[in-house]
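Asker: Dropping the sequence and predicted coords here.
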Amino acid sequence: MRILIATAGSRGDVAPFTGLGARLHAAGHQVALATHTSFADSVRSAGLEFRPLPVDPRAELASARGQQLLRAGSGPRGLLHLVRLARSFMPALGTGIANAAEPGADLLLTTSTTADLGQVVAEAAGIPNIALHLQPLSPTREFAPAVTGTRSLSGPGNLLAGHAVQAAVDRLFAPAVRGLRRQLGLPQRSVADGRRNRTVLHGFSPRVVPRPADWHPTHEVTGYWWPPADPAWKPPSRLLDFLAAGPPPVYIGFGSLVVPDPERLTTTVLAAVRAARVRAVVQSGWSGLTPPDDHDDVLTIGDTPHDWLFPRMAATVHHAGAGTTAATLRAGTPTIPVPAQLDAPFWSARLTHLGTSPGPIPLPHLTAARLATAIRHTLDNPHHRTHARTVATTLTTEDGPANVLTAIDRLAR
């Protein structure tokens, strides 16, 4: 079967699908992955065909609209600013997905950022579409929407809020969907109509987020889809030397966040490291954190596979994106989340509930003193490492891609 995966966003929105695509390819399918050009190398290194989608996500997050989204955080304000940011590039993204499908496909797999536009492309091509979500986005009574924070509104309130968020997202996509339907010669129908009875597979562990009992039967939780190991990657000697020179360090990185003042964040991080009396590996990330070279107990690194790095860390400090959260759980490493926007507070709450974290420090409230205290608490209390290892052991028993293959086989039959 010819399968096209279309995803848009940051590295955390792309990496799981390189791993899933590699498993689909190993099962005998022809797999192409359409995403942003900045991720072309990682797609090809996974053995997949790369097809380009427009938009530079890092540039968008660094723009004035992207910085407004960061300041808005999560909740209704964050969702509003996400709508404003996304509306500017949704039409181009829809055209990009249509172009990516032109060489032909028998099945289109889309993500939370591409599902509604991809549904239009699949309809025009006469092929099925399965949505692959990294977050629980469908309304449920069991918890509040993942993009609105962590406070439960009671069962009916959670469900109502979930439908309100879904309606807001529908309005976000509606203009681009209407334009794409016109472009492809399809009759008009609402975004909600296109979503009805769509199969949605969720790429996280039921140990981390149990499947809500009130979800539609077509919604499944499969387990994580891990990025593949890059056979060409080797750890640089300076990183190996640093790890060998002392006790396991603390990882500190904020992934795809683009903060307006990286120098200030770097200063806060270094002060916390000194106060906590630990060694640290600082990943520069999209914010470009750049600690000076004269800190013997701090090493700055660029892109480094989390599956290699995190098991070697004493603890991790990160922005609580879905991908980084999954990587820390897989590594069995205790963690301190620093959520900033959208679904990050949701994942932070899950880490706390699982016992792998002492609790989050929201980015607007991050200080050197608070971070140092959290690091010392995490390292000095064996409770968090014990729980982290227990969760990691559970994850080794799950096979998320196998469940996706089962769903695809069921669809083919």
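Answerer: Thanks, I have it. Residues are numbered from 1 along each chain as shown.

Asker: separation between Gly157 and His353?
Answerer: As for Gly157, its distance to His353 is 20 Å (criterion: CB to CB, to the nearest Å). C-beta coordinates here come from the backbone N, C-alpha and C atoms, glycine included.

Asker: Check Arg51 too.
Answerer: 39 Å.

Asker: Please apply the same query to Gln166.
Answerer: According to CB to CB, Gln166 stands 24 Å off from His353.

Asker: Give me the more crowded residue out of those two.
Answerer: Gln166 (17 against 12; other CB atoms under 10 Å).

Asker: where does the nearest residue to the more buried one once chain neighbours are set aside land in three-state SS?
Answerer: Using CB to CB, 6 or more residues apart in numbering and skipping residues adjacent in sequence, the residue nearest Gln166 is Pro139, 6.1 Å away. Three states are possible here, and by DSSP: H, G, I helix; E, B strand; the rest coil the one that applies to Pro139 is coil.

Asker: Settle this for me: Pro139 is touching Ala167, isn't it.
Answerer: No: assessed by CB atoms under 8 Å, Pro139 is found out of contact with Ala167, at 10.0 Å.

Asker: Looking at the two, which is more packed in?
Answerer: When Pro139 is set against Ala167 and neighbours are counted by other CB under 10 Å, the residue ahead is Pro139, at 19 against 12.

Asker: those helices in the stretch 1-150 of the chain, which residues are they?
Answerer: In the stretch 1-150 of the chain, the helices defined using DSSP state H, counting those that start in this stretch lie at 11-26, 40-45, 57-62, 64-72, 75-87, 90-101, 115-125.

Asker: can you check the stretch 251-400 of the chain too?
Answerer: Assignment of helices within the stretch 251-400 of the chain using DSSP H, counting those that start in this stretch yields the ranges 262-276, 306-309, 322-331, 344-354, 368-380, 382-395, 400-412.

Asker: Check those for me and report the most buried one.
Answerer: Across the helices of the stretch 251-400 of the chain, the average number of neighbours (mean count of other CB atoms under 10 Å) peaks for helix 322-331, which reaches a mean of 25.

Asker: where in this structure is pLDDT low?
Answerer: For the chain, applying pLDDT under 70 flags the ranges 57-87, 150, 293-294.

Asker: Just give me the longest strand of it.
Answerer: Across the chain, the strand with the greatest residue count (assigned by DSSP state E) is strand 30-36.

Asker: ok, that strand: who's next to it in the sheet?
Answerer: Based on DSSP bridges, the pairing partners of strand 30-36 within the sheet are strand 2-6 (parallel), strand 49-53 (parallel).

Asker: Report the buried residues of stretch 288-303.
Answerer: Residues of stretch 288-303 classed as buried by neighbour count (16 or more other CB atoms under 10 Å): Leu289, Pro291, Val298, Leu299, Thr300, Ile301.

Asker: show me what contacts the second one?
Answerer: It stands for Pro291. Applying CB atoms under 8 Å, 6 or more residues apart in numbering to Pro291 gives the contacts Thr266, Val269, Leu270, Val282, Val298, Thr300.
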